[in-house]
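In: everything below, folded, please.
(one chain, ligands or ions: 1)
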Amino acid sequence: MINIPKSLIEIRTEILSGKLSCKKLVESYLENIEEQKDLNVFITLFKEDALKQAEEVDEKFRNGTAGKLAGAVISVKDVISVKGRRLTCGSRMLNDFTAVYSATAVERLMNEDAIIIGKVNCDEFAMGSSNENSYFGPVKNPLDKTRVPGGSSGGSAVSVASNMCLLSLGSETGGSIRQPASFCGITGLKATYGRISRYGLVAFASSFDSIGIFGNNSYDIASLLEVISGYDERDSTSSAEEVRNYPVESEKSFNPGEIKIGYAREYFEEGLDPEIREGILSQIENLKSKGFTVKEISLPHTKYVIQSYYILTSAEASSNLSRYDGVRYGYRSEKPGTLEDMYVNTRSEGFGQEVKRRIMLGTYVLSAGYYDAYYRKGQKVRRLIMNDFENAFKEVDFIISPTTPNTAFKLGEKIEDPLAMYLNDIYTASVNLAGIPAISVPAGNTKEKLPFGIQIMGRKFDEEGLLKMWKEIDMKV
Ligand code: GLN
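Out: Take a look at the predicted model:
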């Protein structure tokens, strides 16, 4: 494996001093990708284009016109559009589909001279917590290849953790960035709902979906966040809230005496790996010793998070995925029959098991007679969960918790047991129900040498605060 600096500042310093070129940089990443092919990270590699673009960026470095993200090489989860490129969503349904436009986030980062090196593997339509639901096969965890990398943005997490690129764009509906970041020992940020345009992100559950970032350090993540954030007239749910100068602001430090941090007692109950519990509790002690006020709080509706998350997201998914009918997009069954047969066969053959399970669950909770009992109730519970956070943030500035109840599990261990799989999202899905931002930061390793993350949740649009808090977490405690 080629050793490539893991920070944008270092990369740019080396390029500016002539020690490195952008072309050499891309070549090195490509070599690392080739060498670790067995991890099954990339669905599409942009080899030639990335090299060509690197030469152009080198030229820009020479004449002083390089953009804010020049030197950043980025992978993109294959649920996000890059014009003219394959967009599979990890599904047979879209195996041969080519994107006709680029996502706003992609357009924005390319305008600042970031280079996209390829599209990475993920659970089908971003449904899953292990990356085992991909039509293209599972991604493996680089720290132990018999284990999952987490999901659904498994390819994104592994591409960054294995030095195949500097940063990655992933997506979240219920934890798909924070959970794999935690399993792979890197950092993942899910921004406030509406902070980053969803235009060009293939819809799973529209009122939950958001694009987010994987990276190694706060400056890099802050730099990418600043570029891709902001209002977009093509996404009516994108926010006009001012985009802060995240790279500058996140380097500043807190005055610990002014900051209150809460930890919800409901996040430390049954089901949490004792080693992770201990690790997070020692982070709490560490924060206290730095002068932060840390106190126990309650998020009383936590016990309903998984139920309401899966009811509401499946309902939205069943509607969003109705567009894959064999006529307008992608795969069409070859079997002869009536128009209705064609729909049925296309969807039966084109979708994998988990996607079908969600469509059925979603259709059920929306159907006449069950709508009030499930969907409407789910919406009411979502409001209660939002209120829990609103009340908590009257008392504290941040909430910390484990990111996941366990470390990376074995490939195949939970795939036959959907409920066990869903329970992986127990600490992350609440954040998407509430629409708040959260980050998972490496917090330690277990005796088995498997990493686990600490989750920091913040008030809406306080991404800057999360990035600042990150610096207060100390891997060594
Ligand atoms: N694991 C969750 C699910 O399967 C989260 C997925 C996501 O965030 N995209 O729905």
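In: looks like residue 246 contacts residue 465 (just checking).
Out: No: contact criterion CB atoms under 8 Å: residue 246 and residue 465 do not qualify, at 10.7 Å. C-beta here means a position set from N, CA and C on the backbone, and glycine is covered the same way.
In: stretch 32-52 spans what distance, first to last residue?
Out: 19 Å (CA to CA, to the nearest Å).
In: name the SS class of residue 43, please.
Out: strand (DSSP: H, G, I helix; E, B strand; the rest coil).
In: any residue of stretch 122-131 touching the ligand?
Out: Yes: counting by CB under 6 Å from any ligand atom, the ligand is contacted by stretch 122-131 at 126, 127, 128, 129.
In: mind listing what residue 474 touches?
Out: By CB atoms under 8 Å, 6 or more residues apart in numbering, residue 474 lies in contact with 283, 286.
In: ok, it to the ligand distance?
Out: According to CB to the nearest ligand atom, to the nearest Å, residue 474 and the ligand sit 28 Å apart.
In: for the closest residue to the ligand within the stretch 301-450 of the chain, the count of nearby residues, please.
Out: With CB to the nearest ligand atom, the shortest gap between the stretch 301-450 of the chain and the ligand falls at residue 425, namely 4.8 Å. Residue neighbour count, defined by other CB atoms under 10 Å, stands at 24 for residue 425.
In: now for the residues of stretch 122-131 next to the ligand: which two are most distant?
Out: Using CB to CB, the residues of stretch 122-131 next to the ligand span at most 10.6 Å, a distance reached by 126 and 129.
In: what do the two both touch?
Out: Residues touching both residue 126 and residue 129 (CB under 8 Å, 6+ apart) are 152, 176.
In: element containing the closest residue in space to residue 111 that isn't next to it in sequence, please.
Out: Spatial nearest neighbour of residue 111, chain neighbours left out: residue 67 (6.8 Å); criterion: CB to CB, 6 or more residues apart in numbering. Under the assignment given by DSSP states H and E, residue 67 is not contained in any helix or strand.
In: distance check, residue 67 against residue 115.
Out: 11 Å (CB to CB, to the nearest Å).
In: repeat that for residue 297.
Out: In this structure, residue 297 and residue 115 are 43 Å apart, going by CB to CB.
In: may I have the residues that are in contact with the closest residue to residue 92 other than its chain neighbours?
Out: Spatial nearest neighbour of residue 92, excluding adjacent residues (CB to CB, 6+ apart): residue 135 at 4.6 Å. Residue 135 is in contact with 88, 90, 91, 92, 95, 124, 352, counting by CB under 8 Å, 6+ apart.
In: quick check, nearest of those to residue 384?
Out: residue 124 (30.9 Å).
In: got a list of what residue 247 touches?
Out: 219, 222, 223, 226.
In: any chance of CSV for those residues, columns secondary structure and pLDDT?
Out: Formatted as CSV, the contacts of residue 247 follow (DSSP: H, G, I helix; E, B strand; the rest coil; pLDDT from 0 to 100):
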residue, secondary structure, pLDDT
219, helix, 97
222, helix, 98
223, helix, 98
226, helix, 98
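In: wait, which of those is closest to the ligand?
Out: residue 222 (22.3 Å).
In: that closest one touches residue 244, doesn't it?
Out: No: Residue 222 is not in contact with residue 244 according to CB under 8 Å; the separation is 9.1 Å.
In: between the two, who's got more neighbours?
Out: Neighbour count, other CB under 10 Å: between residue 222 and residue 244, residue 222 has more, with 27 against 17.
In: apart from its chain neighbours, what residue comes closest to the more buried one?
Out: Residue 222 sits nearest to residue 246 (CB to CB, 6+ apart), 3.7 Å away.
In: so in this protein, which helix runs the longest?
Out: Longest helix in the chain, counting residues (DSSP state H): helix 377-395.
In: quick one: average pLDDT of the helix or strand following it?
Out: Going down the chain from helix 377-395, the next helix or strand is strand 398-402, by DSSP H and E. Strand 398-402 comes out with an average pLDDT of 98.
In: pull the residues that contact strand 398-402.
Out: So strand 398-402 is contacted by 259-264, 267-268, 272, 276-277, 279-280, 283-284, 287, 294, 297, 299, 389, 392-393, 427, 452-458, 465-466, 469 (CB under 8 Å, 6+ apart).
In: quick check: residue 146 vs the ligand, distance?
Out: Taking CB to the nearest ligand atom, one finds residue 146 at 21 Å from the ligand.
In: my read: residue 73 touches residue 113, true?
Out: No: here residue 73 does not reach residue 113: they are 10.8 Å apart, not a contact under CB under 8 Å.
In: more neighbours: which of those two?
Out: More crowded of residue 73 and residue 113, by other CB under 10 Å: residue 73, with 29 against 20.
In: now the more buried one. Its backbone dihedrals?
Out: Per-residue torsions, residue 73: phi -110, psi 130 (degrees, to the nearest 10).
In: need the contact list for it.
Out: 25, 26, 29, 50, 114, 115, 117, 165, 166, 167.
In: beta partners of it?
Out: Beta-bridge pairing of residue 73, defined through DSSP bridges, involves residue 115.
In: look up how far residue 170 lies from it.
Out: Distance of residue 73 to residue 170, given as CB to CB: 16 Å.
In: also residue 215?
Out: Relative to residue 170, and taking CB to CB, residue 215 is found at 11 Å.
In: show me which of those two is the more surrounded one.
Out: For the pair residue 215 and residue 170, the greater number of neighbours falls to residue 170 (33 against 27), based on other CB under 10 Å.
In: I figured the more buried one hits residue 178, correct?
Out: No: assessed by CB under 8 Å, residue 170 is found out of contact with residue 178, at 9.6 Å.
In: now for these two: what residues contact both?
Out: In terms of CB under 8 Å, 6+ apart, residue 170 and residue 178 are both contacted by the residues residue 188.
In: what's the closest non-adjacent residue to residue 31?
Out: residue 2 (5.6 Å).
In: just to be sure, that neighbour is in a strand?
Out: No: looking at residue 2 with three-state DSSP, it is coil, so not inside a strand.
In: where do the strands sit along the stretch 301-450 of the chain?
Out: Secondary structure of the stretch 301-450 of the chain by DSSP state E, counting those that start in this stretch: the strands cover 398-402, 438-445.
In: dump those into a markdown table; add mean neighbour count as well.
Out: Output for those, formatted as a markdown table (neighbours: other CB atoms under 10 Å):
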| stretch | mean neighbour count |
| --- | --- |
| strand 398-402 | 26 |
| strand 438-445 | 25 |
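In: would you turn those strands into CSV with distance to residue 360?
Out: Shown next, in CSV, are the strands of the stretch 301-450 of the chain (distance: least, CB to CB, whole Å):
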stretch, distance to residue 360
strand 398-402, 32
strand 438-445, 30
